[in-house]
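In: Here's a sequence, model it:
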Amino acid sequence: MCPKTGQPDFGTIEIEYVADRRCIELKSLKFYLQGFRNVGVFYEDVVNRILDDLVAACSPRRMTVTGKFTRAGAFIPW
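Out: Below you'll find the predicted structure:
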């Protein structure tokens, strides 16, 4: 959700990581990401928050989180 207008935003989060001793369960990751669905937050903040939370949870050797978002007001055909 856009924190200023409250309108829905659309995007894709890509997570790449090299696990060390622990890895992330896919179902738990899905529920975690769905938690951002109705939260008003800027794109950069949500990507950084996801990176920080996942690094704290599993201490990977390497991790990259990329957010690809539509620009505001863009038409998305269904």
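In: Check the secondary structure at residue 17 for me.
Out: strand (DSSP: H, G, I helix; E, B strand; the rest coil).
In: contacting residues around it?
Out: Residue 17 makes contact with 24, 54, 58, 60-64 under the criterion C-beta atoms under 8 Å, 6 or more residues apart in numbering. Where you see a C-beta, it was placed from the backbone N, CA and C, and this is true even at glycine.
In: again, 7 Å this time
Out: 60, 62-63 (C-beta atoms under 7 Å, 6 or more residues apart in numbering).
In: Okay, and which of those residues map to strands?
Out: 62-63 (DSSP state E).
In: Nearest to residue 12 among the contacts of residue 17?
Out: Closest approach between the contacts of residue 17 and residue 12, by C-beta to C-beta: residue 63, at 16.8 Å.
In: now the residue nearest to that closest one when sequence neighbours are not counted: how far from residue 6?
Out: Leaving aside its chain neighbours, residue 63 sits nearest to residue 17 (3.9 Å; criterion: C-beta to C-beta, 6 or more residues apart in numbering). The gap separating residue 17 from residue 6 is 32 Å, by C-beta to C-beta, to the nearest Å.
In: cool, residue 44 as well?
Out: Counting by C-beta to C-beta, the gap from residue 44 to residue 6 is 19 Å.
In: how near is residue 24 to residue 10?
Out: According to C-beta to C-beta, residue 24 stands 23 Å off from residue 10.
In: so where's the chain uncertain?
Out: 1-2, 71-78 (pLDDT under 70).
In: quick one: the helices in it?
Out: 26-34, 43-58 (DSSP state H).
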